[in-house]
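S.K.: need coordinates for the following:
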Amino acid sequence: MCEVTLSIPEEALTALRLAPAAMADELRLAAAVKLYELGRLSSGVAAELAGVPRAVFLGRLADYGVVALRLSEDDLRQDLQNA
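M.R.: Numbering: from 1, shown residues only. Below you'll find the model as predicted:
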């Protein structure tokens, strides 16, 4: 596993009322959600980045306004044909 160090302004910690460890967790989750939303990470890899089980990650997507199930029109048509 790789480790990345970030410098976070004290004002951000104060504004969010988070301890440094909680801020790290929040940033990991937010980054994972955004990368998933952009289609750059699968839900499994994004969950690993966030440090939570995949089911928890998928459940938290709604907190960020991100849809958990991403299907194209073609995917939906194919699903309907197979139903």
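
S.K.: which residues of the protein score low on pLDDT?
M.R.: The chain contains residues with pLDDT under 70 at 70-73, 75-76, 79, 83.

S.K.: which residues touch Ser43?
M.R.: Residues in contact with Ser43 (C-beta atoms under 8 Å, 6 or more residues apart in numbering) are Tyr36, Arg54, Phe57, Leu58, Ala68. (C-beta placed from N, C-alpha, C; glycine too.)

S.K.: list the contacts for the residue nearest to the first one when sequence neighbours are not counted?
M.R.: Among residues not flanking Tyr36 along the chain, Ala46 sits closest, at 4.0 Å (C-beta to C-beta, 6 or more residues apart in numbering). Shown here is Ala46, whose contacts under the criterion C-beta under 8 Å, 6+ apart are Ala32, Val33, Leu35, Tyr36, Phe57.

S.K.: can you rerun that using 7 Å?
M.R.: Ala32, Leu35, Tyr36, Phe57 (C-beta atoms under 7 Å, 6 or more residues apart in numbering).

S.K.: cool, Leu18 as well?
M.R.: If you count contacts by C-beta under 7 Å, 6+ apart, Leu18 has them with Glu26.

S.K.: so what's the backbone phi/psi at it?
M.R.: Note on Leu18: its backbone torsions stand at phi -120, psi 140 [degrees, to the nearest 10].

S.K.: is it true that Leu35 touches Ser42?
M.R.: No: shown here, Leu35 and Ser42 do not form a contact pair, counting by C-beta atoms under 7 Å, at 9.8 Å.

S.K.: between these two, who's got more neighbours?
M.R.: Neighbour count, other C-beta atoms under 10 Å: between Leu35 and Ser42, Leu35 has more, with 16 against 12.
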